[in-house]
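# Provide a 3D model corresponding to the input given below.
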Amino acid sequence: MKKLTLLIGLASTLCFGQEGGKVEPTAYNVQIGFVGAWVNTEVGLADQLALRTELGTMPKWYVGTGTAWFLDASVEPRYYYNIKKRAEKGRDTSSNAANFLTVGISYRPEKSFSSNYTDYSSISIVPKWGIRRNLGNNLHYEVGAGLGFRHEFNNRNYGEIDLHLRLGYSF
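Numbering: from 1, shown residues only. Next up, the predicted model:
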């Protein structure tokens with residue numbers, strides 16, 4: 001009887017151990033930050049890998065004339081490298097609450113939607129590190145940092161620093 005109890009206990013532990021530590025199959029989020037707002041979705045590709053697509057707004061400040069708001073569309077594969085470890089320790093991993101590595105690819109069109117300003121269309125590629133943690137059932141925050149490259153079409157190339165702190169709601 002002791003062996004049977006041990007066997008059932010071990011089997012259930014192994015089964016439950018495989019349930020946690022995976023990214024969500026699909027997650028929809030709305031986020032706000034100091035300089036913008038975003039709507040995004042993450043689709044799980046593997047246990048620790050998700051593809052995030054995002055549409056947001058970003059400001060550009062012009063000296064002496066004000067601010068213009070531009071759309072920002074991005075796609076980034078995210079590798080949640082410690083989601084399994086967090087699940088094993090009994091920590092909350094819902095809504096992909098874990099540390100991640102990513103390479104963000106963003107496109108910004110030339111026309112502002114908030115004014116008559118135009119700017120150069122640009123694309124950026126930024127490797128980033130970040131964390132995502134939950135604040136209850138549906139609220140979360142995200143912090144990230146990266147250093148990459150931006151190409152402005154018909155103009156020039158330059159380095160780009162990506163620092164973000166966002167508060168969001170998961171559906």
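
# hey, let's count contacts and neighbours off CA atoms from now on
OK.

# hang on, residue 124 packs against residue 109?
No: assessed by C-alpha atoms under 8 Å, residue 124 is found out of contact with residue 109, at 11.9 Å.

# where's the residue most central in space within the chain relative to residue 28, distance?
Taking C-alpha atoms, centre = their mean, the centroid of the chain lies closest to residue 52, which sits 6.4 Å from it. Separation of residue 52 from residue 28 (C-alpha to C-alpha, to the nearest Å): 10 Å.

# give me the common contacts of the two.
40, 41, 42 (C-alpha atoms under 8 Å, 6 or more residues apart in numbering).

# ok, of those residues, which one's closest to residue 68?
The closest of the shared contacts of residue 52 and residue 28 to residue 68 turns out to be residue 40 (C-alpha to C-alpha; 22.1 Å).

# what's the burial count for that closest one?
Close neighbours of residue 40, defined as other C-alpha atoms under 10 Å, add up to 18.

# can you pull out the strands in the chain?
Remark: strands assigned in the chain by DSSP state E are 26-33, 36-44, 49-62, 66-79, 99-108, 122-134, 139-152, 157-170.

# Throw those strands into CSV and include mean pLDDT and distance to residue 115, thanks.
Output for the strands of the chain, formatted as CSV (pLDDT from 0 to 100; distance: least, C-alpha to C-alpha, whole Å):
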stretch, mean pLDDT, distance to residue 115
strand 26-33, 97, 21
strand 36-44, 97, 16
strand 49-62, 92, 11
strand 66-79, 93, 6
strand 99-108, 97, 15
strand 122-134, 97, 18
strand 139-152, 97, 20
strand 157-170, 95, 24
